[in-house]
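S.K.: Any chance you can model this:
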Amino acid sequence: VSALEIVALPVMERVALGAARCWFKAKDPAFAAYRLAPELKSFTGTPRILVVKRNAPESLPLLVVQAQGSPAKMAAFGPLMQDAAMNDRVTKDVNRWARGGKDC
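M.R.: Have a look, this model is predicted:
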């Protein structure tokens, strides 16, 4: 585990908990067709969460949210970010959770 991953890991843990609670456990309609696949200790050395098709979790991710560096720099990308409303929602939620906010 690199020092960069250690710094980014707590940020991504907060983001993963927020996504699980607010997007999936709350049954948010915008995320009903998807499931969360956290890779906080991934082989890439970059902690991240993936959003994949609910019925095809082995398929390519539709959303990747990851953090790198110190201070952690967030990135979110993938096909779901092409939709303006989803892009805005994901960006606001992820930034809030990364800063320590817990609200949905």
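
S.K.: Leu50 reaches Ala37, doesn't it?
M.R.: Yes: using Cβ atoms under 8 Å, Leu50 is in contact with Ala37, at 4.2 Å. (Each C-beta comes from the backbone N, C-alpha and C, glycine too.)

S.K.: which neighbours do those two share?
M.R.: Applying Cβ atoms under 8 Å, 6 or more residues apart in numbering, one finds that Leu50 and Ala37 are jointly contacted by Pro61.

S.K.: Who are the contact partners of Phe24?
M.R.: Phe24 sits in contact with Phe31, Tyr34, Arg35, Leu36, where contact means Cβ under 8 Å, 6+ apart.

S.K.: Spatially nearest residue to the third one (excluding sequence neighbours)?
M.R.: Once flanking residues are discounted, Arg35 sits nearest to Arg54: 4.8 Å by Cβ to Cβ, 6 or more residues apart in numbering.

S.K.: Show me where this structure has its helices.
M.R.: 3-18, 84-98 (DSSP state H).

S.K.: how about the ones you listed, which one is nearest Ala67?
M.R.: helix 3-18 (3.8 Å; Cβ to Cβ).

S.K.: And that closest one, how far out from the chain middle?
M.R.: 10 Å (Cα atoms, centre = their mean, to the nearest Å).
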